[in-house]
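**Q** no sequence on this one, just coordinates:
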């Protein structure tokens with residue numbers, strides 16, 4: 001299962017576009033509220049009903065942990081000790097993680113970006129302790145995927161699909177979603 005964690009103030013497109021793309025690809029994905037409530041308010045005041053609550057998650061079944069950005073969503077994720085402990089254990093077990101926009105700061109604060117390439121929203125790079133900041137739209141370094149910001153949400157989702165299904169697996173989705181016409 002791929003879990004996408006939602007905290008109050010998450011960036012709408014960075015959560016929902018990747019979830020949509022992963023579901024279109026047939027990947028098992030669920031949204032998870034870390035707020036203690038079923039409805040999580042986005043950075044733009046949209047209430048989104050999460051599939052699950054953090055307390056109900058069995059992290060041993062997590063294939064990937066995904067963090068959407070946004071503020072204060074990213075700092076709220078970073079302040080969620082049960083989540084950050086689970087991320088650290090998940091990563092220590094060699095499992096993949098992904099974060100976009102400001103959310104890579106969570107990985108930076110955990111020290112798991114040391115010696116890795118990463119990207120994030122401009123101005124957040126100082127929070128990526130030990131990482132080589134690339135400013136790429138999406139950066140994949142082994143089992144870590146990071147995205148730059150809202151406009152990277154589609155590419156971020158497609159990169160996760162390719163991570164699980166193999167390079168180029170997202171090509172049919174890109175075409176079917178008219179993405180290729182947009183980016184050329």
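**A** Received it, and whenever you're ready, just let me know what you need. Predicted model only: the values in this text are computed from it and were never measured.

**Q** poorly predicted segments of the chain, please.
**A** For the chain, the stretches with pLDDT under 70 are 184.

**Q** which residue, other than its chain neighbours, is closest to residue 135?
**A** Leaving out its chain neighbours, the residue that sits closest to residue 135 by Cβ to Cβ, 6 or more residues apart in numbering is residue 119, at 6.0 Å. Using the backbone N, CA and C atoms, a C-beta is placed for each residue, glycine as well.

**Q** for that neighbour, give its distance to residue 26.
**A** Residue 119 is 27 Å from residue 26, where distance means Cβ to Cβ, to the nearest Å.

**Q** so between the two, which is more surrounded?
**A** residue 119 (30 against 10; other Cβ atoms under 10 Å).

**Q** run a quick neighbour tally on residue 70.
**A** Neighbour tally, residue 70, other Cβ under 10 Å: 30.

**Q** so who does it touch?
**A** Counting by Cβ atoms under 8 Å, 6 or more residues apart in numbering, residue 70 touches 9, 10, 11, 12, 14, 42, 43, 101, 102, 103.

**Q** quick one: the fifth one and residue 173, what's the gap?
**A** Note on residue 14: its distance to residue 173, by Cβ to Cβ, is 18 Å.

**Q** mind checking which of these two has more residues around it?
**A** Legend: neighbour count by other Cβ under 10 Å for residue 14 and residue 173, higher for residue 14 (33 against 20).

**Q** do I have it right that that one meets residue 69?
**A** Yes: counting by Cβ atoms under 8 Å, residue 14 touches residue 69, with 5.2 Å between them.

**Q** shared neighbours of these two, anything?
**A** In terms of Cβ under 8 Å, 6+ apart, residue 14 and residue 69 are both contacted by the residues 100, 101, 103, 147, 149.

**Q** Three-state assignment for the closest residue to the second one other than its chain neighbours, please.
**A** In this case it means residue 101. Of all residues not flanking residue 101 in the chain, residue 69 sits nearest, at 2.3 Å (Cβ to Cβ, 6+ apart). Here residue 69 is coil, with the state taken from DSSP: H, G, I helix; E, B strand; the rest coil.

**Q** isn't residue 69 right up against residue 149?
**A** Yes: contact criterion Cβ under 8 Å: residue 69 and residue 149 qualify, at 7.0 Å.

**Q** residues shared between the contacts of the two?
**A** Contacts common to residue 69 and residue 149, judged by Cβ under 8 Å, 6+ apart, are 14, 100, 101, 120, 121.

**Q** backbone phi and psi for the third one, please?
**A** Yep, that's residue 101 we're talking about. phi 70, psi -120 (degrees, to the nearest 10).

**Q** just the second one next, same as before
**A** Backbone torsions for residue 100, taken as degrees, to the nearest 10, come to phi -130, psi 150.
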